[in-house]
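A.B. asks: Need coordinates for the below:
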Amino acid sequence: MPRGDKSKYTDKQKRKAEHIAEGYEDRSVPEKEAEARAWATVNKDSGGGNKSGSGRGHAETHASARKGGEKGGKASAARTAAQRSESARKAAATRKRNAEAAAAHA
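C.D. replies: I've put the predicted structure just below:
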């Protein structure tokens, strides 16, 4: 399939790419860049074009849709401010310790 040829994609994949591209454009991403990102997302989710014959499609992983997830927000909301602050201090200390270790090995 030549670059840019979308004939091997299903109508659903084309709609999905269009919808994703619109979302990027709403966030001020240039049109060509938005389209490129949208098709990259569709390819990551569905493994490329699926219109190749009966039983020859690929399962959709929805990997891009899962990126980030909702666990972090819910977990954070369930904790007190003091618990979140303690976690932040601990993380900062770990980053500092790791940076010092990396500098010592450099």
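
A.B. asks: quick one: which helix or strand includes the residue nearest the centre of the chain?
C.D. replies: Per CA atoms, centre = their mean, the C-alpha nearest to the average position across the chain is that of Ser64, at 3.9 Å. For Ser64, the host element (DSSP states H and E) is helix 63-66.

A.B. asks: ok, back up a step: gap between the nearest residue to the residue nearest to the centre of the chain once chain neighbours are set aside and Ala65?
C.D. replies: Nearest residue to Ser64 in three dimensions, chain neighbours excluded: Thr41, at 4.8 Å (CB to CB, 6 or more residues apart in numbering). (Each C-beta comes from the backbone N, C-alpha and C, glycine too.) Computed as CB to CB, to the nearest Å, the Thr41 to Ala65 distance reads 9 Å.

A.B. asks: So the two - more neighbours on which side?
C.D. replies: Thr41 (20 against 12; other CB atoms under 10 Å).

A.B. asks: from the chain's centre, how far out does the helix holding Ser64 sit?
C.D. replies: Per CA atoms, centre = their mean, to the nearest Å, the displacement of helix 63-66 from the mean C-alpha position of its chain is 6 Å.

A.B. asks: for it, packing partners?
C.D. replies: Helix 63-66 sits against helix 31-46, with contacts defined as 3 or more CB pairs under 8 Å, 6 or more residues apart in numbering; DSSP states H and E.

A.B. asks: now what about the helix it packs on, what contacts it?
C.D. replies: Residues from elsewhere that reach helix 31-46, judged by CB atoms under 8 Å, 6 or more residues apart in numbering: 9, 13, 16-18, 20-22, 24-25, 29, 58, 60-65.

A.B. asks: where does the chain have low pLDDT?
C.D. replies: Counting by pLDDT under 70, the low-confidence segments of the chain come to 1-2, 53-57, 67-73.
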